[in-house]
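Student: Here you go, sequence then predicted model.
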Amino acid sequence: MKEWADFIKSIIRPFIIVWGFLVYGICVITGVEIPQLLAGLITAVIIEYFGERAMKRLKEKP
């Protein structure tokens, strides 16, 4: 079951990151105010990703 969860996360996370930054960039370029939900989503994904990487590295060290 964990393999399925990791598979789904590995498929969805890049889509959210690319879509989020694309919409964020369009908002910045056009001068439109960035929606708080979008900013929160991008922040959450970035924190989750780097937090996961940090935990993985800490577990690998002896």
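Tutor: Yes, it's here. Remember, predicted model here, so these are calculated numbers, not experimental data.

Student: next one: phi and psi at Val32?
Tutor: phi -80, psi 140 (degrees, to the nearest 10).

Student: Any figure for the gap between it and Phe15?
Tutor: 22 Å (Cβ to Cβ, to the nearest Å). From N, CA and C alone the C-beta is placed, and that goes for glycine too.

Student: Can you show me the helices along the chain?
Tutor: 2-30, 36-60 (DSSP state H).

Student: How about the backbone phi and psi for Glu33?
Tutor: Torsion angles, degrees, to the nearest 10, at Glu33: phi -70, psi 130.

Student: And the most centrally placed residue in the chain, what's its pLDDT?
Tutor: In the chain, the residue lying closest to the centroid (Cα atoms, centre = their mean) is Val45, at 2.6 Å. Looking at Val45, its pLDDT stands at 82.

Student: same thing with the one 4 residues further on?
Tutor: If you check Tyr49, the pLDDT there is 82.

Student: if you skip the residues just before and after it, what's nearest to it?
Tutor: Arg13 (7.0 Å; Cβ to Cβ, 6 or more residues apart in numbering).

Student: Number of residues surrounding that neighbour?
Tutor: Counted with other Cβ atoms under 10 Å, residues neighbouring Arg13 total 14.

Student: Also the one 3 residues further on?
Tutor: Applying other Cβ under 10 Å, we find 13 other residues in the vicinity of Ile16.

Student: Setting aside sequence neighbours, what's the nearest residue to it?
Tutor: Spatial nearest neighbour of Ile16, chain neighbours left out: Val45 (5.5 Å); criterion: Cβ to Cβ, 6+ apart.
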